[in-house]
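Q: No sequence on hand, only this structure:
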Ligand code: MN
């Protein structure tokens with residue numbers, strides 16, 4: 001069985017950029033629902049004691065496991081999401097240096113992440129991830145897909161499903177994305 005991760009900050013900690021109410025729904029309802037669904041689906045099956053990342057890898061691109069794959073992916077993606085947020089906390093000097101080498105400035109990376117998030121049609125995720133050979137890249141995935149199955153190691157992400165921002169920003173995705181990237185990410 002898998003567990004709902006503990007939120008690394010108070011539900012009110014992201015205001016005014018993301019409200020306490022949004023975090024309550026996003027973490028306590030949406031994220032929890034994905035965890036509950038995965039546990040319902042793996043209970044009594046070969047996946048019952050399988051780690052989350054392995055469930056994702058083993059169910060990827062298998063139509064008979066599509067519901068499990070989608071929900072497990074969403075659990076993983078939300079785990080990364082909450083850990084992408086730093087309240088007064090940034091990535092360590094080593095990662096900052098790698099970001100500077102690859103994107104020149106933190107602002108340039110923020111701009112690229114925001115740009116991809118605004119352009120993404122429908123629901124999905126924007127990522128900073130490490131590819132083979134350790135190269136950093138910005139990429140997007142749709143719905144519950146995750147860069148794990150594409151051979152990337154996720155570093156941070158940005159949730160651009162409407163449930164991540166609709167209570168606070170309604171249709172103004174760009175405003176959410178800019179506030180999030182500028183004020184909440186650990187970069
Ligand atoms: Mn979400």
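A: Perfect, thanks for sending it. Values in this document were obtained by computation on a predicted structure and should not be read as measured data.
Q: how near is the residue with the largest distance to the centre of the chain to residue 73?
A: Here the chain reaches farthest from its C-alpha mean at residue 44, the gap being 28.3 Å by C-alpha atoms, centre = their mean. For residue 44, the distance to residue 73 equals 22 Å [C-beta to C-beta, to the nearest Å]. The C-beta positions use only the backbone N, C-alpha and C, and glycine is treated the same way.
Q: from what I can see, the residue farthest from the centre of the chain looks like it's in a helix, true?
A: No: under DSSP: H, G, I helix; E, B strand; the rest coil, residue 44 falls outside any helix and is assigned coil.
Q: And the pLDDT at it?
A: With respect to pLDDT, residue 44 has a value of 97.
Q: which residue packs closest to the residue in the chain that the ion sits nearest to, ignoring adjacent ones?
A: Residue of the chain nearest the ion, by C-beta to the ion: residue 159 (4.2 Å). Once flanking residues are discounted, residue 159 sits nearest to residue 81: 5.1 Å by C-beta to C-beta, 6 or more residues apart in numbering.
Q: Tell me the residues of this protein that contact the ion?
A: 159, 161, 164 (C-beta under 5 Å from the ion).
Q: What is the neighbour count of the second one?
A: The one in question is residue 161. Counted with other C-beta atoms under 10 Å, residues neighbouring residue 161 total 18.
Q: repeat for the last one
A: Residue 164 has 25 neighbouring residues, counting by other C-beta under 10 Å.
Q: circling back to that earlier point, let's see which of the residues of the chain next to the ion end up in strands.
A: Members of the residues of the chain next to the ion lying in strands (criterion: DSSP state E): residue 159.
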